[in-house]
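> after the sequence you'll find the predicted model.
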Amino acid sequence: MDLHLGSAEPTKEERAAVDAVLGAPASGWDGGDRIAARDGRVAGGGPTSAGDRHRLLPALQAVQARVGWISEGALRYVSERLRVPPAETFGVATFYALLSVEPRAKRVLHVCDDIACRARGAEGMIAALERTAGPAGEEKGGATWMRSPCLGMCDHAPAAFLQVAGAAPVERSIGGVDSTKLAALRASGRPPADPAMPAVPQAGAPGLRLLARCGSVDPSSLAAYQASGGYAALRRAFELGPEGVIREVTDSKLMGRGGAAFPTGRKWDAVARQPARPHFLVCNADESEPGTFKDRVLMEGDPFAIVEAMTIAAFATGCERGVIYVRGEYPLAIARLQGAIDQARARGWLGARVMGQPFAFDIEITKGGGAYICGEETAIFNSIEGLRGEPRNKPPFPVASGLFRKPTLINNVETLANIPGIILGGGPAFAATGTPDSAGTRLFCLSGCVERPGVYEAPFGVTLREMLAMAGGVCGARPLRAVLLGGAAGMFVRPDELDLPLSFEGARAAKVTLGSGVIMAFDDRVDLADIVLRIAAFFRDESCGQCVPCRVGTVRQEEALHRIVRGRARGGVRTELALLEEIGEAMRDASICGLGQTAYSAVESAVKRLRLFAPEAAT
């Protein structure tokens, strides 16, 4: 792709899709028809168009949704409209898995083959689909299917994601699929009438905090949210004032729930003190960690709570604009959040004077394009700004230079969902729940070989054994072989370690991580070597390629594992395991972001904790 505009022209459909996002072009200088009398000496757009680069990803997504792929003519038209060099537009379009610059059928079925779905028989289901529909990527009857990394539907595994392009595009996540359902979905493009509802086994149980409304209160009704206590926390926040709100959050000892466990109050205070303006607030809803689906459940089941929490956070830290970055495979969550935003805005609880107060704040949604790396906080900023979703070097840190290089508060969905309860009940009361170093309750994603997969809420300090019991134990009371904590970036633990307390200090003592709250169980029927290979393949696929340790290391790690599993270890298994250790240390020490730094974690625990590839077990 050149830096200069080519001669390819967009089709009428492509032009209409882009114009629906960007508005009609003002002149021939920004993609409209040239009229000599009007355009001969005046150039429309210019700096104004250049300032709209953050609309690049939505424009590309609009073409994809309308046509099914993005042609060279469409790329040229988007570049022309936004004053972005074509090479950069191409670079963004080719970064995301849900976008295609090659011709693709309008009907695409993405079938999850990641670890939770594998534990539920996805590979056998996919093999049956290959026999009836042909290999992945092959177009047949105007449709195609593709293998997909985790779709965040582990509570309904095995799962699929259907996209049908057109004037009225269809996107739907479908759980509980089998080979027959997959063949029908691919052939017809008609999803079930009702989307799969979140699995909240505790719905309606007393004592719940984060899940109190999920499955019990209509998530599409602002009136129902108010009747259940909604927006009382925002009113209380206005009474406390910004400093009072931050004091309560600090006293609560709330730690970030995205995996890094950074003190939330400290982050809020740092943003509030920044003199540069404006301040931005980003809600990280791009949960793409295999085995993680808690944020999806909150967004689908209690979207108004996220909007209210963001408004409180913005008030406390002086943020004027909020962005919720939601992964593209969550269409129901996007719809529910947009409905909550629209209703709050219509009520005057978002906008120029929130609840009549001298405080202006509004929220918009940015839809991700299918890139795990965009869950990294600085990669999100680049993606929102219309750049490739690659992480930035730190420092500077987001609190000082984040979105659009301005002070930015970024928290994940579960972290924010705790805020209304903290404001209403007080920080010390929140800190009294859990353990001394791990305050509050935590959402855990139970999946794999358990009887009742779903999101469970429990105080910090609950044991792994107790959480598995809450989910009904292992399917069919079969022997437990291993548990994966924290997802693909987490670690395996053995069946004799089930009394591990699930808290930050308990995890540190056991040299494991809670990560994003994943608890994935594997029974004696699961091929753990295959699971580890899939994890290695996941990181190889999802590496953005920006830094050498991760780009090369993830490939070499997968290659070494394949050689061991196939009995072709070079120099013996011990030599290959030593090579894996060296690769893992290089990735951990030298990668730019958490993807490369944790790409070896699950593999290392399989080697050292489970002794899965022990040399003495090799033939």
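In hand now; what should we look at?
> in space, what's closest to residue 149 - neighbours in sequence excluded?
residue 114 (5.2 Å; CB to CB, 6 or more residues apart in numbering). All C-beta spots, glycine's among them, are computed from the backbone N, C-alpha and C.
> who touches the one you found in this structure?
122, 148, 149, 150, 151, 290, 534, 538 (CB atoms under 8 Å, 6 or more residues apart in numbering).
> let's see that with 6 Å instead.
Shown in contact with residue 114 (CB atoms under 6 Å, 6 or more residues apart in numbering): 149, 150, 290.
> can you tell me which of the residues you listed has the most neighbours?
Greatest neighbour count in those, by other CB atoms under 10 Å, goes to residue 290: 30 neighbours.
> returning to what we had before: how much space separates the residue nearest to residue 149 from residue 59?
30 Å (CB to CB, to the nearest Å).
> do residue 121 as well
Separation of residue 121 from residue 59 (CB to CB): 39 Å.
> quick one: which of those two has more around it?
Between residue 121 and residue 59, counted using other CB under 10 Å, the more crowded position is residue 59 (27 against 14).
> quick check on the more buried one: phi, psi?
When read as degrees, to the nearest 10, the backbone of residue 59 gives phi -70, psi -40.
> surely it meets residue 79?
No: Residue 59 lies out of contact with residue 79 (CB atoms under 6 Å); the separation is 9.9 Å.
> pLDDT at residue 87, what is it?
Per-residue confidence at residue 87 stands at 95 (pLDDT).
> residue 481 is in what secondary structure piece?
Residue 481 belongs to strand 480-485 when elements are defined using DSSP states H and E.
> so what strands line up beside that strand?
Sheet pairing of strand 480-485 (DSSP bridges) gives strand 491-493 (antiparallel), strand 518-523 (antiparallel).
> residue 383 is nearest to which of these?
strand 518-523 (23.4 Å; CB to CB).
> can you pull the buried residues of the helix or strand following the closest one?
Next in sequence after strand 518-523, counting helices and strands by DSSP H and E, comes helix 528-542. For helix 528-542, burial by neighbour count (16 or more other CB atoms under 10 Å) applies to 528, 531, 532, 533, 534, 535, 536, 537, 538, 539, 540, 542.
> which among these gets closest to residue 342?
residue 542 (33.0 Å).
> now do the closest residue to the closest one other than its chain neighbours, the pLDDT please.
Among residues not flanking residue 542 along the chain, residue 372 sits closest, at 4.0 Å (CB to CB, 6+ apart). Note on residue 372: pLDDT of 96.
> chain center to stretch 575-588, what's the gap?
How far stretch 575-588 lies from its chain's middle: 28 Å, per CA atoms, centre = their mean, to the nearest Å.
> ok, now stretch 482-501?
That offset, for stretch 482-501, works out to 22 Å (CA atoms, centre = their mean).
> can you count the residues close to the residue nearest to residue 542?
By other CB under 10 Å, the burial measure for residue 372, its neighbour count, is 27.
> how close does it sit to residue 169?
For residue 372, the distance to residue 169 (CB to CB) stands at 23 Å.
> any idea which of the buried residues of helix 528-542 is closest to residue 320?
Within the buried residues of helix 528-542, distances to residue 320 taken as CB to CB reach their minimum at residue 542, with 32.9 Å.
> for the closest one, give its distance to residue 383.
Counting by CB to CB, the gap from residue 542 to residue 383 is 14 Å.
> just residue 133 next, same as before
Counting by CB to CB - residue 133 and residue 383 are separated by 32 Å.
> the more surrounded of the two?
Between residue 133 and residue 383, residue 383 has the larger neighbour count (other CB under 10 Å), namely 27 against 20.
> check contacts around that one.
By CB under 6 Å, 6+ apart, the contact list for residue 383 reads 374, 389.
> hmm, 7 Å instead?
Residues near residue 383 by CB atoms under 7 Å, 6 or more residues apart in numbering: 57, 368, 374, 389.
> most neighbours among those, please name it.
Using other CB under 10 Å as the neighbour test, the contacts of residue 383 are led by residue 374, with 31 neighbours.
> surely that residue is within a helix?
Yes: counting by DSSP: H, G, I helix; E, B strand; the rest coil, residue 374 is found in a helix.
> does it touch residue 381 like I think?
No: using CB atoms under 7 Å, residue 374 is not in contact with residue 381, being 9.7 Å away.
> and the residue nearest to residue 149, how far from residue 432?
38 Å.
> likewise for residue 63?
From residue 63 to residue 432 the distance is 52 Å (CB to CB).
> which ones are touching residue 199?
By CB under 7 Å, 6+ apart, the contact list for residue 199 reads 155, 156, 453, 454, 455.
> ugh, wrong one, residue 424
Residue 424 neighbours (CB under 7 Å, 6+ apart): 232, 233, 236.
> ok, residue 117 next?
Residues in contact with residue 117 (CB under 7 Å, 6+ apart) are 157, 158, 159.
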